[in-house]
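> Pasting a predicted model and its sequence here:
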Amino acid sequence: MSTKYGLAGYNNSRKHISISIPSSTEVMSPHIKSVEELRVLGINLSSFGAPTQFFICVVGVFIFYLVYGYLQELIFSVDGFKPFGWYLTLIQFGFYSLFGLVELQLTQDKRRRIPGKTYMIIAFLTVGTMGLSNTSLGYLNYPTQVIFKCCKLIPVMIGGIFIQGKRYNLADVSAALSMSLGLVWFTLADSKVAPNFNVTGVLLISLALCADAAIGNVQEKAMKLHNGSNSEMVLYSYSIGFVYILTGLLCVGGLGPAVAFCSEHPVKTYGYAFFFSLTGYFGISFVLALIKLFGALVAVTVTTGRKAMTIVLSFMFFAKPFTFQYIWGGLLVLFGIFLNVYSKNREHMKLPSVKDLRSWLLTRKKVQFLSQNV
């Protein structure tokens, strides 16, 4: 007689003990119907293969976050808006909560799967990531902010080691270093045009990176353990974060001046903020899908590559001086992306060894020698 979940049963006739070990689906959340299900913006993508899912998610991240970055810079270009970065984050969290609620209503299973305590932690980290990042633009120019944000690949890997006990290979480490160095090289040239370093801004963006390094790993662990949906993650984390920010603004008296300023410029503040939040919401849905499917490191690698594209497009739409440093930095970023893709697909992308290259060169020289003597 056997009992589930590790309880031993004793059989009198055969005098032996049998133990039944639960499967992985039995120890996960009781609300899970299929560990393979994946929904992005209410659309089920589980019928597609992994390469197609990866392609769709990457395209979604690039399209929506490129518009997101443009609108973010446009909002802070409004005269007098720079001190109100936390209020912009409050508006953004409010819209995200509303969008998440609408999307969750379109799904069949509306039950919350991830524990509330986990959401409180994720919300706190999300507030730190987005709030401090938005506020830092009041003290730093956009290229300087990107220099710091591009370095989050390494803290994400460190967070993966300590939070989830992960171990990364040499290719992953090389990819993180290559992309970080490439983006630093790429954006340093732009920062030289109008350098605007500020100790407060540096501190804010550094704290944002620390929160960002932890949030991807916490989200990945929670979504894989409880199989929470993207819309659920967005709704609960941003609605709780909205309460955090609103409480903070009320305590420091920062809500009144921000509301008064935005009331004088409703189109350039609330109007821009709506589309800023809409594109950001669509973008974060694809990022969460990447985290759920391929892990935090791959998701951050994709978003880091998107930052390089953002800078490239800024040269296409806005007149800026050009230097070859952009090319070298871009090549390093592309090399880092290649290393990361290779690390995840070693079996299908077998690179030639030194022995293979040597054999190929010797064969080629032999063929050339024989052809010359014919």
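Happy to help now that I have it. Residues are numbered from 1 along each chain as shown.

> could you say what helices and strands the helix or strand containing C251 packs with?
Element membership for C251, per DSSP states H and E: helix 230-252. Counting contacts by 3 or more Cβ pairs under 8 Å, 6 or more residues apart in numbering; DSSP states H and E, helix 230-252 packs against strand 39-40, helix 85-105, helix 116-126, helix 199-226, helix 255-264, helix 272-294. In short, each C-beta sits where N, CA and C put it, glycine included.

> would CSV of the ones you listed with mean pLDDT, distance to F324 and mean neighbour count be doable?
Shown next, in CSV, are those (pLDDT from 0 to 100; distance: least, Cβ to Cβ, whole Å; neighbours: other Cβ atoms under 10 Å):
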stretch, mean pLDDT, distance to F324, mean neighbour count
strand 39-40, 73, 39, 20
helix 85-105, 90, 34, 21
helix 116-126, 91, 38, 18
helix 199-226, 81, 27, 20
helix 255-264, 93, 42, 14
helix 272-294, 87, 31, 22
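
> May I see the ones you listed arranged in JSON lines, with distance to F54 as well?
Putting those into JSON lines (distance: least, Cβ to Cβ, whole Å) gives the following:
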{"stretch": "strand 39-40", "distance to F54": "12"}
{"stretch": "helix 85-105", "distance to F54": "22"}
{"stretch": "helix 116-126", "distance to F54": "24"}
{"stretch": "helix 199-226", "distance to F54": "16"}
{"stretch": "helix 255-264", "distance to F54": "39"}
{"stretch": "helix 272-294", "distance to F54": "7"}
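
> what angle sits between the helix holding C251 and helix 116-126?
Here helix 230-252 runs at an angle of 60 degrees relative to helix 116-126 (axes from the mean of the first three to the mean of the last three Cα atoms, to 10 degrees).

> average pLDDT across helix 230-252?
For helix 230-252, mean pLDDT rounds to 90.

> buried stuff in that helix?
Neighbour counts over helix 230-252 (16 or more other Cβ atoms under 10 Å) mark 230-242, 244-245, 249 as buried.

> how close does G60 sit to Y68?
Per Cβ to Cβ, to the nearest Å, G60 is found 12 Å from Y68.

> and of the buried residues of helix 230-252, the nearest to E264?
Nearest to E264 among those is L249, at 18.4 Å by Cβ to Cβ.

> Spatially nearest residue to that closest one (excluding sequence neighbours)?
Ranked by Cβ to Cβ, 6 or more residues apart in numbering and with sequence neighbours excluded, the top spatial neighbour of L249 is L255, at 4.3 Å.

> which non-adjacent residue is nearest K292?
Of all residues not flanking K292 in the chain, M223 sits nearest, at 5.0 Å (Cβ to Cβ, 6+ apart).

> backbone phi and psi for R167, please?
Main-chain dihedrals, R167, degrees, to the nearest 10: phi -130, psi 120.

> let's number from 876 now, not from 1
Fine by me, first position is 876 from now on; the one you just mentioned is R1042.

> Count the neighbours of it for me.
For R1042, the count of nearby residues is 8 (other Cβ atoms under 10 Å).

> Kindly report the same for V1173.
V1173: 21 surrounding residues under other Cβ under 10 Å.

> What strand or helix carries it?
Using DSSP H and E, V1173 falls in helix 1171-1192.
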